[in-house]
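Student: need a 3D model of the sequence below.
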Amino acid sequence: MGLKRIQIFSGAQLKYIAFISMLIDHVNNALIIPMLDGSGFLLYLSNIFSILGRIAFPIFVFFIVEGFFKTKSREKYLLTLIVFGIISEVPFDMFTSKTFFNPYWNNMMFTLALCLITIWIIDALKEKIKIKALWYTVSIIIVIISGLSAMELSLDYDYHAVGIAYIFYIFYDKPLTRAGLGYLSIIKELYSFLGFGLTLTYNGKRGKQYKWINYLFYPVHIFILGILRFYLNI
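Tutor: From the prediction side, this is the model:
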């Protein structure tokens, strides 16, 4: 009942909070950090942007799990993530590496797609493996394999994303537990507690969403930042 008091944001509102956080973080990484000289206002601004940028990641993984349970078509959901991963890859490389192709760091859409695949496989096995202890054991093995795959494929947030998606899936009906364990699993990102905390404010309502804006925001904004990096030569 205590959580009901803070569950004030719809899915749409939380996603837009995450978008703003992601934009702040990416502006910091692309345009501010390359110009730091070790002191002064830019360093102060960069530190603030870095803190605010830690909000986005937990919220995006949270909604992958939420989408898994609530989407009308998991196949279409997965295909959309993969397609926009492909669309986003050149802009992502421009933004992160100031190059048009970097196989050693791949974008977040692919990471989220792998998270969806992982919990989908685990959920499917739940119907077939009736012994709970065995299912948990198998599910952990699958998470390890997926985490190693994420590292091998050089996906953004690699095994951390897979592990958090698994925690959110296992403790889907226990908001405090999933947020707490999720944070502990990536506690090196100290200020990510802001994002995990915000998942507790979700009121279960979809809210007014603009599907194509949601998907296009990622490739469009990193493409613009990539162009700026080339133009400013930073």
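Student: okay, now Ile186: neighbour count?
Tutor: Counted with other Cβ atoms under 10 Å, the neighbours of Ile186 add up to 22. Using the backbone N, CA and C atoms, a C-beta is placed for each residue, glycine as well.
Student: oh, I was asking about Glu152
Tutor: 9.
Student: please apply the same query to the one 10 residues further on.
Tutor: Other residues within reach of Val162, judged by other Cβ under 10 Å, total 28.
Student: how much space is there between it and Lys130?
Tutor: 25 Å (Cβ to Cβ, to the nearest Å).
Student: which element follows the longest helix along the chain toward the C-terminus?
Tutor: Determined from DSSP state H, the single longest helix within the chain is helix 74-97. Counting by DSSP states H and E, the next helix or strand C-terminal to helix 74-97 is helix 108-128.
Student: any idea how far that following helix is from the chain center?
Tutor: Chain-centre distance of helix 108-128: 14 Å, with Cα atoms, centre = their mean, to the nearest Å.
Student: in the helix or strand just after that helix, what's buried?
Tutor: Next in sequence after helix 108-128, counting helices and strands by DSSP H and E, comes helix 132-152. For helix 132-152, the neighbour count (16 or more other Cβ atoms under 10 Å) marks Trp135, Val138, Ser139, Ile142, Val143, Ser146, Gly147, Ser149, Ala150 as buried.
Student: wait, which of those is closest to Thr199?
Tutor: Distance ranking of the buried residues of helix 132-152 against Thr199, using Cβ to Cβ, places Val143 first at 19.6 Å.
Student: how close does the closest one sit to Phe193?
Tutor: 22 Å.
Student: again with Tyr44
Tutor: 21 Å.
Student: now Phe95
Tutor: Look at Phe95 and Phe193: by Cβ to Cβ, they are 26 Å apart.
Student: kindly report the same for Asn29.
Tutor: Distance of Asn29 to Phe193, computed by Cβ to Cβ: 20 Å.
Student: and if you look at Ser39?
Tutor: The value you get for Ser39 to Phe193, if Cβ to Cβ is used, is 28 Å.
Student: with neighbour numbers in mind, choose between these two.
Tutor: Phe193 (19 against 8).
Student: now the more buried one, nearest residue through space, not along the chain?
Tutor: Tyr183 (5.3 Å; Cβ to Cβ, 6 or more residues apart in numbering).
Student: OK, contacts around the one you found?
Tutor: Tyr183 sits next to Pro58, Ser192, Phe193, Phe196 when contact means Cβ atoms under 8 Å, 6 or more residues apart in numbering.
Student: any chance of those in JSON lines, plus pLDDT, distance to Gly226 and secondary structure?
Tutor: Converted to JSON lines, the contacts of Tyr183 look like this (pLDDT from 0 to 100; distance: Cβ to Cβ, whole Å; DSSP: H, G, I helix; E, B strand; the rest coil):
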{"residue": "Pro58", "pLDDT": "98", "distance to Gly226": "25", "secondary structure": "helix"}
{"residue": "Ser192", "pLDDT": "97", "distance to Gly226": "25", "secondary structure": "helix"}
{"residue": "Phe193", "pLDDT": "97", "distance to Gly226": "30", "secondary structure": "helix"}
{"residue": "Phe196", "pLDDT": "98", "distance to Gly226": "29", "secondary structure": "helix"}
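Student: got TSV for those, with distance to Leu112 too?
Tutor: Output for the contacts of Tyr183, formatted as TSV (distance: Cβ to Cβ, whole Å):
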residue	distance to Leu112
Pro58	12
Ser192	16
Phe193	21
Phe196	17
